[in-house]
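Undergrad: can you look at this prediction? I've put the sequence above it.
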Amino acid sequence: MGESLALDVERISKEALRTMAAGPAAGASGLDRERVVSVLNDVVATEVVGWLRYTRHAITARRIDRPEVSELFDLRAEQAMRHATAVAERITRLGGRPAFDPDTLAQRAHTDYSVADDPAIRQMLEQNVQASEIAVAAYREITRWLGDRDGDSRRLMESLVADELQYGRALGALLTG
């Protein structure tokens, strides 16, 4: 798990840096709104792909009679959709268009939708811990990039980081408990 995590974090870091590479453009907030919208649309994709993975894992956990795990995955799926909606609303307030195109969601997401045909609970928990760690790394990078130039988007990203950290701790407790 550790080796693939390093590769995934490297990929998301490179993608985030590539998207934000041009730096701030002149404007009222000091950021290029189109670039902010693009970065936030990648967050929407990450959350929607997460919703799909968490929903699938919740259903699988119910099938193998692990209600405490399925409940956590259900809660996280609901949270991921709330995150996607909140970020999409922020994009709209910035004058952009939220990108929910199913054909591009997986390519734009920081995490992936990888589920085994018949995963074990431990494997599902590990996949979601890894996805949470990747999201935290990507979202922290975005938060730093936004800085004080777009306080509303930064605060939104900070709240997503806090939720991801809380979720990661809950998953970790199930893994060690």
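TA: Good, I have the coordinates. Just so we're clear, the structure is a prediction, and the values are computed from it rather than from any experiment.

Undergrad: so residue 96: helix, strand or coil?
TA: Using DSSP: H, G, I helix; E, B strand; the rest coil, the structure places residue 96 in coil.

Undergrad: what comes up buried for stretch 80-88?
TA: Under the neighbour-count criterion of 16 or more other C-beta atoms under 10 Å, stretch 80-88 has 80, 81, 83, 84, 86, 87, 88 buried. All C-beta atoms are positioned from the backbone trio N, CA, C, and that covers glycine.

Undergrad: so of those, which ones are in helices?
TA: Using DSSP state H, the subset of these located in helices is 80, 81, 83, 84, 86, 87, 88.

Undergrad: about what we covered before: including distance to residue 115, could the buried residues of stretch 80-88 go into a markdown table?
TA: Output for the buried residues of stretch 80-88, formatted as a markdown table (distance: C-beta to C-beta, whole Å):
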| residue | distance to residue 115 |
| --- | --- |
| 80 | 15 |
| 81 | 18 |
| 83 | 20 |
| 84 | 19 |
| 86 | 25 |
| 87 | 24 |
| 88 | 24 |
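
Undergrad: and of these, the nearest to residue 58?
TA: Among those, residue 80 lies closest to residue 58 (C-beta to C-beta), at 11.4 Å.

Undergrad: low-confidence ranges, the protein, go.
TA: For the chain, applying pLDDT under 70 flags the ranges 1-30, 116-118.

Undergrad: now with 90?
TA: 1-32, 60, 63-67, 112-123, 148-149, 168, 172, 174-177 (pLDDT under 90).

Undergrad: quick revisit: nearest to residue 143, of the ones in helices among the buried residues of stretch 80-88?
TA: residue 87 (12.8 Å).

Undergrad: what residues are up against the closest residue to residue 174 other than its chain neighbours?
TA: Among residues not flanking residue 174 along the chain, residue 125 sits closest, at 5.7 Å (C-beta to C-beta, 6 or more residues apart in numbering). With contact set as C-beta atoms under 8 Å, 6 or more residues apart in numbering, residue 125 has these partners: 69, 171, 174, 175.

Undergrad: what's the answer for residue 43, then?
TA: Here residue 43 is in contact with 83, 87, 110, 138, 139, 142, 157, 160 (C-beta under 8 Å, 6+ apart).
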